[in-house]
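*Asks:* coordinates only, sequence not included:
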């Protein structure tokens, strides 16, 4: 069954971002989501970091301290193979969710 | 995430906090830079960046709480909480602990013995490749030396093959003489096993050059330490074995004690020496089965391939030698006198292991119901915890932690107790005349089993309460005040557990009664002799250097001079004491047989050599004919006395005096007397035909002097000792009464009875506590109901019926089931214990009375409590 909660959506956004961008720190993820969604989606920092932590513990992403382009130390995240698989299933379940909502809206 | 990191994280919580802070700090700083770039003032940019995070402490807590480290933390918390809970109810904890200590301890003891005798391989390099080559029919594992040589030289599957036998003899130095047990081994024995000497050197095949060519011995480490003070100068010196000189060549390492698991010999010598017998030499006699063959498989060869290989050789040998017509090969694990004790030891220990395991299961069932009762008492607490948001998993984990804590603690204590017991067992030498010594010190395998048993019982005990947690409907429980509707469903499972436990208890009680009665029977069994009032003085005349004619003379003197001791009613000599260390058997042929192959034989019979007067001293009744006289000597015509079974199966009548038969030496013997049947090897044997020869017509150095006297042994032994010392002061004698000597044949039965008794006692204790717990629980849960019923006029008997009907029905049905099982098990027991039968009114009555008493003991207090119910007080309390 598709996991149709909002937390799942945040996971999906983060995983998709990392799969497209390779390696990013938390702030970069926020910026990318904002930019890619043309300012439609705004990730709350208060939810992002717990989500990152949880995903790291699930083995979907890996983290590493590195230096940014602006010479600042930050924690960079990248996708693991397990994360790649999770992304695929999350994408699929998200599509189902969208389909379901569309269907309801049509008859509402 | 690795367990290691979890543990590390527990101690580095603060480090985790720091890392989270650093990450957020970096984020905030980057946001500030971007904000300023977007045109905010530094102040504004900072506030905006921080605001976006909301409450940072809450967030950090959420993150650390998520971390696996906290689950380890929670585990500790559960454990501490469980320990506190258990401390608060010491009676419950003590009951549970004792139950587990008994259950797990019994298992560990039995498993250690099983491990020592069956599972553990010999303590030599590559023990897995070693196999004894025995005959296809179990029970006869000895091989002849020529067959050994042919097997060894013609096989293609073994890297080497050694032969050995165990003998006893006298070792004397200038200062002392010892009665010893030793191995006679083929020259390659140590080389094949891959053992290295502790001192000196071992002998090799190259040291053997035909009969009596290698007079060397290798001392065991223990013998060297005790009798030679660990003096290395003993190497190269000469000692006498049965008055023949032998050179001490080396000392074996301390851990090496030959190729039996429980025998500790004093020394080893090459098999080509024959210190026992001058005349007959079994080394060249293919029909004389005296050795065990031990082979080491080539790498990569399976036992099956090797067996096929050896059987092909056996078939060829059978074609060449008529005496080998039945020759066949089978491989068995070495260590139990080839496989002589293998079968009985394995099946007996496996049986006891199953019993011990059942006892542990019963203990777990008991504990589970104890825990279940406790959980039910706490059902309100659980319901509240669930209602205010604790997850079922949390509550379940809590209960499991308690069960685990108790079982691991019980397991540890059980292991401790059993290792004390096992250490005693290791030091125990059941028979002073044999170097038997079972090392049952627990090894890692035993500790592993202990751990598995503890954790297994913990899970088993925790599962039933867990079911309750899962079934708890908090609203329902809080409404109905504890004893909810699910009580009856749960009781059904507990009923079953308890019923099984009672059945098991009855089974064990029945078996111990059967074994006890069998033991009692065996004391009055018709043995074919009267052991009461007989004193035995046993020796081997070769140890005193007596051979040939000297043997006859000294025996005659012994009988004559001991017979003159005041108070001695009669005296005689037999070479092997019946129901003692053994005795040999041989095939018997009808008169006129010319082809002496085994299939032409008339029957197999035990044979003994006896002196005149033996029959009278032993109390064996002569049915027909006459006793021997001293004139039946080597020069006289060959004569024999046979038992009734021999006479009947050979000639169809007990009165067969004057008839003839041909014995294994192919000579005809005339029967001069017939005696009553007897027991010769064991109390449970199928009756044997037996032949008694005059001592001088069947030369043998073993001498067992039988002295029948009315006087107590303490009065007669000193006089006997003095008389014998006058005849030959260098002969070592072992003195004991015949009933004492019979302890040897009763040993298996005694062990079985003791083991069953202990198990039965354990099971009875568990059953009593189980029934007691259940009855007590059901009474205490229904006190309020009883109060109301008394208030509306119920009679005490009615209360009793409703309070105790369930336990009593269980007790009855469990006992009946157990009794039926016990009757079936009794048939198995009959193989170990003499005339063990459950169809004995005393046994059945005893079991019924025992179970009734157990039931009474278990239900007495609950019944008192139900009867003593006081409605007014009870209703006030609630």
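*Replies:* It's in. Model, not experiment: these values are computed from the prediction.
*Asks:* quick one: contacts of the helix or strand hosting residue B:708?
*Replies:* Using DSSP states H and E, residue B:708 sits in strand B:702-709. By C-beta atoms under 8 Å, 6 or more residues apart in numbering or on different chains, the surrounding residues in contact with strand B:702-709 are B:533-541, B:555, B:558-559, B:562, B:567-577, B:580, B:614, B:616-619, B:716, B:720, B:724, B:738. Backbone N, C-alpha and C define where each C-beta goes, glycine included.
*Asks:* Now the helix or strand following it: buried residues?
*Replies:* Downstream of strand B:702-709, the next assigned helix or strand under DSSP H and E is helix B:713-727. Buried positions in helix B:713-727, judged by neighbour count with 16 or more other C-beta atoms under 10 Å in any protein chain shown: B:713, B:716, B:717, B:719, B:720, B:723, B:724, B:727.
*Asks:* And for stretch A:12-22?
*Replies:* A:12, A:13, A:14, A:15, A:16, A:17, A:18.
*Asks:* What of stretch B:321-339?
*Replies:* In stretch B:321-339, counting by 16+ other C-beta under 10 Å, buried: B:321, B:323-324, B:327, B:329-339.
*Asks:* dump the residue contacts of residue A:99.
*Replies:* Applying C-beta under 8 Å, 6+ apart, we find residue A:99 in contact with no residue.
*Asks:* Residue A:106 versus that one, what's the distance?
*Replies:* Noted for residue A:99: a distance of 11 Å to residue A:106, by C-beta to C-beta, to the nearest Å.
*Asks:* And for residue B:32?
*Replies:* In terms of C-beta to C-beta, residue B:32 sits 46 Å off from residue A:106.
*Asks:* re the thing from before, so which of the contacts of strand B:702-709 sit within helices?
*Replies:* Residues of those located in helices (DSSP state H): B:555, B:558, B:559, B:562, B:614, B:616, B:617, B:618, B:716, B:720, B:724, B:738.
*Asks:* which ones are touching the closest residue to the fourth one other than its chain neighbours?
*Replies:* Just to be clear, that refers to residue B:562. In this structure, residue B:562 finds its nearest non-sequential neighbour in residue B:571, 4.8 Å apart by C-beta to C-beta, 6 or more residues apart in numbering or on different chains. Contact analysis of residue B:571 by C-beta under 8 Å, 6+ apart lists B:558, B:559, B:562, B:563, B:613, B:617, B:705, B:706, B:707, B:708.
*Asks:* Just confirm the first one contacts residue B:727, I think it does.
*Replies:* What it means is residue B:558. Yes - Residue B:558 is within contact range of residue B:727, at 6.1 Å (criterion: C-beta atoms under 8 Å).
*Asks:* got the residues of chain B near chain A?
*Replies:* Counting by C-beta under 8 Å from any C-beta of the partner chain, the residues of chain B close to chain A are B:1, B:19-20, B:22-24, B:26-27, B:29-31, B:33, B:52-55, B:59, B:62-63, B:66-68.
*Asks:* average model confidence for stretch B:44-56?
*Replies:* What stretch B:44-56 shows for mean pLDDT is 83.
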